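# pasting a predicted model and its sequence here:
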Amino acid sequence: MSQLQVWYDGACPLCQREIALMRRLDRRAAITFIDVASPEATCPLDRADLLARFHARENGQMLSGAAAFAAMWRAIPALRPLGLAARNPGVLWLLERVYRAFLRGRPALQRWVRRYLPSPGVSR
């Protein structure tokens with residue numbers, strides 16, 4: 001079993017694209033990706049909470065938001081420097097603010113992506 005677990009919204013076209021990219025970059029298969037939108041998904045938290053924010057479990061610790069992204073980046077060699085930089089409290093604070101701003105615009109971005117970009121077809 002992977003050391004890192006990532007829960008994502010498989011019904012979200014933005015999330016589908018990002019996870020498809022992360023899977024391509026995760027050549028060591030260090031991450032277990034779990035589609036929370038799937039009825040078969042095992043959820044350690046309330047499903048609505050997992051759908052509202054990005055979550056990961058790193059070394060038994062549940063993380064959300066920018067901290068969860070940073071954990072995912074640390075598991076992928078090409079992105080590891082970004083994940084390590086996010087261990088700095090100031091950097092993580094800034095990334096969390098950017099993530100929260102993204103969440104406010106997420107519904108509009110989802111509509112745009114659904115309308116204009118074909119689905120990448122995330123599976124696995």
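Thanks, I have the structure now. Residues are numbered from 1 along each chain as shown.
# going by C-alpha atoms from here, please, whenever you check contacts or count neighbours.
Will do.
# buried sites along the lengthiest helix in the chain?
Identified as the longest helix of the chain according to DSSP state H is helix 89-116. For helix 89-116, the neighbour count (16 or more other C-alpha atoms under 10 Å) marks Leu92, Leu95, Glu96, Tyr99, Val113 as buried.
# run a quick neighbour tally on Pro44.
Neighbour count for Pro44, taken as other C-alpha atoms under 10 Å: 10.
# could you check how far it is from Ser38?
To Ser38, Pro44 is 14 Å away according to C-alpha to C-alpha, to the nearest Å.
# do His55 as well
Separation of His55 from Ser38 (C-alpha to C-alpha) stands at 15 Å.
# look up phi and psi at Ala11.
Dihedral pair for Ala11: phi -90, psi -10, per degrees, to the nearest 10.
# how about the contacts made by it?
Ala37 (C-alpha atoms under 8 Å, 6 or more residues apart in numbering).
# spatially central residue for this structure, please.
Phe54 (4.9 Å; C-alpha atoms, centre = their mean).
# I'd guessed that one sits against Gln5; true?
No: contact criterion C-alpha atoms under 8 Å: Phe54 and Gln5 do not qualify, at 11.3 Å.
# pLDDT below threshold where in the protein?
Along the chain, the parts satisfying pLDDT under 70 run over 1-2, 118-124.
# can you give me the strands for it?
Along the chain, the segments classed as strands by DSSP state E run 4-8, 31-35, 55-58, 61-64.
# from the middle of its chain, how far away would the second one be?
From the chain centre to the centre of strand 31-35 is a distance of 9 Å (C-alpha atoms, centre = their mean, to the nearest Å).
# quick revisit: tell me which of His55 and Ser38 has more neighbours.
Legend: neighbour count by other C-alpha under 10 Å for His55 and Ser38, higher for His55 (24 against 12).
# that's all I had, so thanks and see you.
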